[in-house]
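J.: need the 3D shape of this:
(one chain, ligands or ions: 1)
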Amino acid sequence: MSPFRSGSPEGCTGARRTTEKMTRNPFSPINVGIDAVSIFVPHHYFSIEELAQIRNVNAEKFTVGLGCSKMAILGPTEDPVTMAAGAGRSLLDRSGIDPREIGMLVVGTESAVDESKPIAVYVHEMLGLSPRCRVMDLKNACYAGTAALRAAMAWAATPAAAGRKALVITTDVAYYDLASPGEPTQGAAAVALLVTQNPQLLIIDSQTEAIYTHEVMDFWRPTYRNSALVDGHFSLECYLESLRACYNMHKEMTGLSLADFRHVLFHTPFPKMAYKAHHRLFELEGGALALGMTEEDSFRWKVMPTLRAARELGNVYASSLFAALISLLEDGSLQVGQQIALFSYGSGSSSEFFTGRIGPAIASWNRNTGFSEQLTRRRRISYEEYLFYRAAYEQRNRDGYFVEDQPTEETPFLFLGIKKHKRQYAFLNPGRMEASASAAAAATEDAEQN
Ligand code: CAA
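T.: As a prediction, the model looks like this:
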């Protein structure tokens with residue numbers, strides 16, 4: 001029976017191995033990692049079953065064969081910048097962090113809105129961060145989030161950080177051609193991670209580097225296209241080969257294997273991919289006889305609780321791995337000291353296998369990330385609206401697109417359009433909670449007046 005049909009982690013009686021085969025302490029000399037997380041979920045979704053009906057495909061191909069359920073769809077005033085700002089604002093508000101404490105902002109994305117100006121600069125303004133804050137975007141397909149996390153961790157461990165914190169934000173729109181094989185895996189979201197010394201949520205092993213880079217054309221998006229191109233079945237092979245290489249490298253360096261991890265979080269372009277990835281690791285470890293549990297139990301226990309975001313949002317590219325972490329937190333069963341493994345894959349390709357240990361504040365994060373509340377506030381859109389929002393997405397990447405709207409507490413960051421080749425945003429000013437135009441918009445008006 002496919003584990004995609006049913007099952008709960010509680011039903012699994014596999015031995016809970018706490019043994020940690022550390023030949024050295026990988027978390028020394030300075031503990032660095034994730035202190036807080038937050039997610040931004042777009043306000044609309046389209047049903048995968050309805051898509052299957054319209055495409056004249058057996059719905060089980062999408063819901064069981066790929067494991068998908070819904071696709072998060074951007075509204076006409078949402079873009080990768082507003083999603084990133086939304087995730088960042090929610091993180092700062094929920095954790096009570098003063099924006100002046102942020103000394104670095106790294107945005108990991110493959111949905112750039114400009115060939116030169118980083119998303120991070122817009123977000124810096126929208127969140128009211130200090131001018132003494134290093135900002136940058138990092139691009140490396142879906143690996144961009146992990147690259148951003150690693151850059152932030154490296155900075156947070158230096159004396160230059162001087163107690164300040166780094167903010168990592170991943171933001172992406174997965175967008176494929178209509179009726180293409182990738183269409184049912186579309187999605188959108190942003191995730192924010194607060195990266196600090198002595199993190200309370202997840203201490204990440206910063207001493208082991210299990211990385212695999214290999215040039216392949218499995219998935220790419222030329223600068224002249226809104227939608228991605230993909231060699232679908234080849235991309236699955238590339239992903240699994242990178243996983244094998246990284247996992248073996250990590251095992252050789254640490255002595256740790258599948259049995260040692262309470263959970264394994266995979267980059268999840270669609271839920272079935274995580275099933276295939278777990279299957280690959282299970283095989284590498286010699287199967288049920290060697291591991292002392294069935295593959296289904298291992299999957300149900302270690303991986304199933306990480307898949308909610310992938311089912312509910314679709315592929316969220318650079319955010320995918322961290323959305324899996326948020327799913328796991330919402331599952332609510334994590335305990336202090338548990339070890340989890342994470343596999344990050346970016347097409348093209350770059351990948352990394354790494355581990356983390358659950359930190360002391362886990363009790364306050366279990367079932368308390370704000371993700372479930374955002375899911376319940378969404379509105380299901382019709383096929384006509386799906387087509388309209390796609391057309392808006394194409395249009396809003398061109399000069400001349402403009403909507404009149406005002407930010408509210410529900411939608412504090414709005415993308416209004418592109419005027420004279422400058423992106424225009426309206427947002428609630430941090431601290432003052434009143435609507436203001438973005439710096440770019442103000443600069444445009446100044447220039448027009450002079
Ligand atoms: N009931 C149940 N299952 C069914 C079914 C039915 N009626 N009909 C088909 N299926 C199953 C198939 O057996 C298959 O499962 P297995 O792979 O386990 O055999 C599954 O449904 C999908 O069927 P197909 O392989 O025929 O589907 P497809 O060729 O139309 O497209 C895809 C699948 C290639 C993954 C496509 O969705 C795609 O191109 N996706 C985008 C690329 C992607 O996500 N790649 C992932 C790796 S790269 C990466 O991770 C980076 C990234 O984020 C993009």
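J.: if I pick the residue of the chain found nearest the ligand, what's in contact with it?
T.: At 1.9 Å from the ligand, Gly65 is the closest residue in the chain, using C-beta to the nearest ligand atom. For every residue, glycine as well, the C-beta is placed using N, CA and C. Residues in contact with Gly65, defined by C-beta atoms under 8 Å, 6 or more residues apart in numbering, are Lys272.
J.: which residues of the stretch 1-150 of the chain lie near the ligand?
T.: By C-beta under 6 Å from any ligand atom, the residues of the stretch 1-150 of the chain that approach the ligand are 58, 60-61, 64-66, 142.
J.: nearest to Asp177 among the residues you listed?
T.: Nearest to Asp177 out of these is Leu66 (C-beta to C-beta; 16.8 Å).
J.: okay but the closest one is in contact with Phe270, surely?
T.: Yes. If you go by C-beta atoms under 8 Å, Leu66 and Phe270 touch, sitting 4.4 Å apart.
J.: tell me which of these two has more neighbours.
T.: The neighbour count for Leu66 versus Phe270, taken as other C-beta atoms under 10 Å, is higher for Phe270 (25 against 22).
J.: go ahead and confirm the more buried one touches Gly67.
T.: Yes. Using C-beta under 8 Å as the test, Phe270 is close enough to Gly67 to be in contact (5.9 Å).
J.: next, show the common contact partners of those two.
T.: Taking C-beta under 8 Å, 6+ apart as the contact rule, the neighbours common to Phe270 and Gly67 are Ala310.
J.: show me what counts as buried in stretch 119-138.
T.: For stretch 119-138, the neighbour count (16 or more other C-beta atoms under 10 Å) marks 119-129, 133, 135, 137-138 as buried.
J.: off-centre distance for that stretch?
T.: Taking C-alpha atoms, centre = their mean, to the nearest Å, one finds the center of stretch 119-138 at 19 Å from the center of the full chain.
J.: do the same with stretch 321-341
T.: Its chain's C-alpha centre and that of stretch 321-341 lie 14 Å apart, by C-alpha atoms, centre = their mean.
J.: and the residues of the stretch 1-150 of the chain next to the ligand as TSV, adding pLDDT and secondary structure?
T.: What follows is those, written out as TSV (pLDDT from 0 to 100; DSSP: H, G, I helix; E, B strand; the rest coil):
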residue	pLDDT	secondary structure
Asn58	98	coil
Glu60	98	helix
Lys61	98	helix
Val64	98	helix
Gly65	98	helix
Leu66	98	coil
Cys142	98	strand
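J.: of those residues, which is the most crowded?
T.: Neighbour tally across those (other C-beta under 10 Å): the maximum, 31 neighbours, falls on Cys142.
J.: roughly how far apart are it and Asp260?
T.: Counting by C-beta to C-beta, to the nearest Å, the gap from Cys142 to Asp260 is 25 Å.
J.: so which residue is dead centre in the protein?
T.: Centrality entry for the chain: nearest residue to the mean C-alpha point is Ser319, 1.1 Å, by C-alpha atoms, centre = their mean.
J.: that one against Ala190, yeah?
T.: Yes. Between Ser319 and Ala190 there is a contact under C-beta under 8 Å: 6.1 Å.
J.: who touches both of these two?
T.: Shared contacts of Ser319 and Ala190 (C-beta under 8 Å, 6+ apart): 39, 170-172.
J.: and those as CSV, adding neighbour count, pLDDT and distance to Leu74?
T.: Shown next, in CSV, are the shared contacts of Ser319 and Ala190 (neighbours: other C-beta atoms under 10 Å; pLDDT from 0 to 100; distance: C-beta to C-beta, whole Å):
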residue, neighbour count, pLDDT, distance to Leu74
Ile39, 30, 98, 15
Thr170, 35, 99, 15
Thr171, 35, 98, 11
Asp172, 27, 98, 11
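J.: how about these, which pair is most distant?
T.: Of all pairs in the shared contacts of Ser319 and Ala190, the most separated under C-beta to C-beta is Ile39 and Asp172 at 12.5 Å.
J.: so what sits against both of these two?
T.: Counting by C-beta under 8 Å, 6+ apart, the common neighbours of Ile39 and Asp172 are 189-190, 319.
J.: among these, which lie within strands?
T.: 189-190 (DSSP state E).
J.: save the shared contacts of Ile39 and Asp172 as CSV, and put in distance to the ligand and pLDDT too.
T.: Formatted as CSV, these follow (distance: C-beta to the nearest ligand atom, whole Å; pLDDT from 0 to 100):
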residue, distance to the ligand, pLDDT
Ala189, 13, 98
Ala190, 16, 98
Ser319, 10, 98
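J.: what ranges of the stretch 351-450 of the chain fall below the confidence cut-off?
T.: Under the criterion pLDDT under 70, the flagged ranges of the stretch 351-450 of the chain are 430-450.
J.: what pLDDT is listed against the nearest residue to Trp220 once chain neighbours are set aside?
T.: Nearest in space to Trp220, with sequence neighbours left out and distances taken as C-beta to C-beta, 6 or more residues apart in numbering, is Leu229 at 5.7 Å. Reported pLDDT at Leu229 in the predicted model: 97.
J.: before I go, just wanted to say thanks for your time.
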